[in-house]
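**Q** Okay, sequence plus prediction incoming.
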Amino acid sequence: MPRNRTLMILAGLVGLAVAANFAPAGAGKSGLSEDVIRKITEAAPAEAPAKPAKPRKMLVYNKCKSFRHGSIPYGAKALEVLGAKTGSFSVVVTADDAMLAPAKLAGFDAVCINNATTRWKKDGPEMKALREFVESGKGLVGVHAATDGTAGHLFGGLFSGHPWHEKVGIKIDEPKHPVNAAFAGKAFLITDEIYMFTKIYSRTKLRVLLSLDMTKTRAKGRRADNDYAVSWVRALGKGRVFYCSLGHRNEIFWNPAVLRHYLAGVQFALGDLPADATPSAEPAPKAPPFALNDQLGRKVALADLAGKIVVLEWINWQCPYSVRQYTSGTMKRLAEKYAPKGVVWLAVNSTHFATRKQDKAWIEKHKLPYPILDDSAGKVGGAYGARTTPHMFVLDRSGAIAYQGAIDDDPVGSKARKVNYVEKALDELLAGKAVSTPKTAPYGCSVKYAQ
């Protein structure tokens, strides 16, 4: 046999051996082995939690613009198996952006962003088409990295790191929610990469179903409130959104409970499984507007401070609790500390017998860098529900009350080390974080309102 022909045969044999290592026997279009497909199929439930109102079709979008997860084909196959085995929906798997055109989307009931790291423009055609698709009454499903990129704005959370890739504890935030039925109200342990959300995520916009149990993890996150959601639902226009961050590791897609959770979430998004998407938390109350005169007769209106963080301090210069904070210099120190950061500090005197002259004398005595507003009629104090002096309110840049309550955790004034709630709230707001302690019980003298 000629030497060149021998080399060609040997090269071909080597090529076949290499191919065998990457395409196991029995692998289909998915590239997954028969053993993996068997595991997924056996783990998938035989029945769906709801009967489809009509034949359902879901587009499974896999295209990555950044890091590509190796579990993408596992997730796609799991979704295909869930739909086919239960007869609840069919899937079309794609990595083609052209499938996100409105005319193409019209043929689907839901879209699943399957671990795809999207990098679309926020006002680009893909986002516009997908938003309009969901808001018209269709569904959106997200697997793990679906929040890593522009699509996160539709889901309600933007990926901000993953401090956890270990065995973690998962809390069941909504034990009776239909999408959580797979867990029967029982918390569980699981090994996976858990995402952290620090931007746009808020329980005032999402109904959180599962979250990280921080007592059963080693690594710490960057949220002051330790709120790390794992799964949620939300309403978007007339449509429905389901997201779950479990899905970094391949074996997640043959975990029976997780597959049942995904199936329920898909059916919710499709509109076949009725479920409550009311946000988990009430939004922060808006601060009542006001316009008061200060100690010099100058008008101060809250409307003129739009876009700023504002601190309101209810004061009574005869109250020993107020006097203590001024003797220690606490209020002046905080006002001066945060003024360069754009924080506006205002004292409000709702004492019915207070006069501007007395307020002016108080300012001069303590060399205060902020005004005292005259509310001797008590209307503003009543609108805010101010109960004591001091009673503190911190308003965020949107005009919502981000914190209300005591100045600190030391009513008696005996602690060497105390937690100043106002200082803590301001630091968190300036860092772009949610206020971890939004409300405490105020202490001090009762406000001396006019009878």
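**A** Perfect, I can see it now.
**Q** which of the residues in stretch 435-451 are buried?
**A** 435, 438, 440, 442-445, 447-449 (16 or more other C-beta atoms under 10 Å). Using the backbone N, CA and C atoms, a C-beta is placed for each residue, glycine as well.
**Q** Could I get the contacting residues of Ala264?
**A** 49, 178-182, 273 (C-beta atoms under 8 Å, 6 or more residues apart in numbering).
**Q** One more pass at 7 Å, please.
**A** Residues near Ala264 by C-beta atoms under 7 Å, 6 or more residues apart in numbering: 49, 178-179, 181-182, 273.
**Q** So it belongs to a strand, correct?
**A** No: judged by DSSP: H, G, I helix; E, B strand; the rest coil, Ala264 forms no part of a strand; its state is helix.
**Q** number of nearby residues for the residue nearest to it when sequence neighbours are not counted?
**A** Among residues not flanking Ala264 along the chain, Val179 sits closest, at 4.4 Å (C-beta to C-beta, 6 or more residues apart in numbering). Neighbour count for Val179, taken as other C-beta atoms under 10 Å: 30.
**Q** now Ser160
**A** 19.
**Q** again, but for the one 4 residues further on
**A** Neighbouring residues of Trp164 were enumerated by other C-beta under 10 Å; the total is 20.
**Q** what's the closest of the buried residues of stretch 435-451 to Gly413?
**A** Nearest to Gly413, judged by C-beta to C-beta, of the buried residues of stretch 435-451 is Tyr443 at 10.1 Å.
**Q** I figured the closest one hits Pro411, correct?
**A** Yes: the pair Tyr443 / Pro411 is scored as a contact, 4.1 Å apart, by C-beta atoms under 7 Å.
**Q** how is the protein carved up into domains?
**A** 25-270, 291-446 (automatic domain parsing).
**Q** Redo the ones you listed as a markdown table? Include distance to Ala277 and mean pLDDT.
**A** Shown next, in a markdown table, are the domains of the chain (distance: least, C-beta to C-beta, whole Å; pLDDT from 0 to 100):
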| stretch | distance to Ala277 | mean pLDDT |
| --- | --- | --- |
| domain 25-270 | 4 | 95 |
| domain 291-446 | 21 | 96 |
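**Q** would you turn the ones you listed into CSV with distance to Pro283?
**A** Converted to CSV, those look like this (distance: least, C-beta to C-beta, whole Å):
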stretch, distance to Pro283
domain 25-270, 4
domain 291-446, 7
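**Q** which of the ones you listed is buried the deepest?
**A** Highest mean neighbour count among the domains of the chain (mean count of other C-beta atoms under 10 Å): domain 25-270, with a mean of 19.
**Q** in terms of contact, does Leu236 touch Glu135 like I think?
**A** Yes: the pair Leu236 / Glu135 is scored as a contact, 5.8 Å apart, by C-beta under 7 Å.
**Q** for Phe253, helix, strand, or coil?
**A** Phe253 is classified as helix under three-state DSSP.
**Q** Leaving out sequence neighbours, find the closest residue to Cys445.
**A** Closest residue in space to Cys445, ignoring its immediate chain neighbours: Cys319 at 3.8 Å, by C-beta to C-beta, 6+ apart.
**Q** nope, Ala306 is what I meant
**A** Excluding the flanking residues, the one nearest Ala306 by C-beta to C-beta, 6+ apart is Gly399, at 6.8 Å.
**Q** how close does that neighbour sit to Thr389?
**A** Gly399 sits 24 Å away from Thr389, going by C-beta to C-beta, to the nearest Å.
**Q** my guess is Pro279 contacts Val208, does it?
**A** No: look at Pro279 against Val208 with C-beta under 7 Å: they stay out of range, at 8.8 Å.
**Q** which residues does the residue nearest to Ala306 contact?
**A** Contacts of Gly399 (C-beta under 7 Å, 6+ apart): 286-287, 306.
**Q** next one: Leu210
**A** 170-173, 230-231.
**Q** Now secondary structure too, for those, in TSV please.
**A** What follows is these, written out as TSV (three-state DSSP):
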residue	secondary structure
Ile170	strand
Lys171	strand
Ile172	strand
Asp173	coil
Val230	strand
Ser231	strand
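**Q** Please state the offset of the helix or strand encompassing Lys365 from the chain centre?
**A** Assigning secondary structure by DSSP states H and E places Lys365 in helix 356-366. Taking C-alpha atoms, centre = their mean, to the nearest Å, one finds helix 356-366 lying 45 Å from the centre of the chain it belongs to.
**Q** which SS state does Pro279 fall under?
**A** coil.
**Q** Could you pull up the contacting residues of it?
**A** Applying C-beta under 7 Å, 6+ apart, the residues near Pro279 are 203-207.
**Q** related to what we said a few turns ago, following the helix holding Lys365, which helix or strand comes up?
**A** Using DSSP H and E, the helix or strand that follows helix 356-366 towards the C-terminus is strand 372-374.
**Q** Output the helix or strand just after that following strand as PDB, restricted to C-alpha atoms.
**A** Following strand 372-374 in sequence order, the next helix or strand is helix 379-384 (DSSP H and E). The C-alpha trace of helix 379-384 is given here as PDB (Å, rounded to 0.1, in the frame of the first residue of the first chain):
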ATOM      1  CA  LYS A 379     -51.300  69.800  58.400                       C
ATOM      2  CA  VAL A 380     -48.000  68.400  57.000                       C
ATOM      3  CA  GLY A 381     -47.200  66.500  60.200                       C
ATOM      4  CA  GLY A 382     -50.700  64.900  60.000                       C
ATOM      5  CA  ALA A 383     -50.200  64.000  56.300                       C
ATOM      6  CA  TYR A 384     -46.900  62.200  57.100                       C
END
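**Q** Quick check: what element follows helix 379-384 along the chain?
**A** In N-to-C order, the element after helix 379-384 by DSSP H and E is strand 388-389.
**Q** Make sure Met86 is actually in contact with Pro45.
**A** Not Met; residue 86 is Thr. Yes: Thr86 is within contact range of Pro45, at 6.5 Å (criterion: C-beta under 7 Å).
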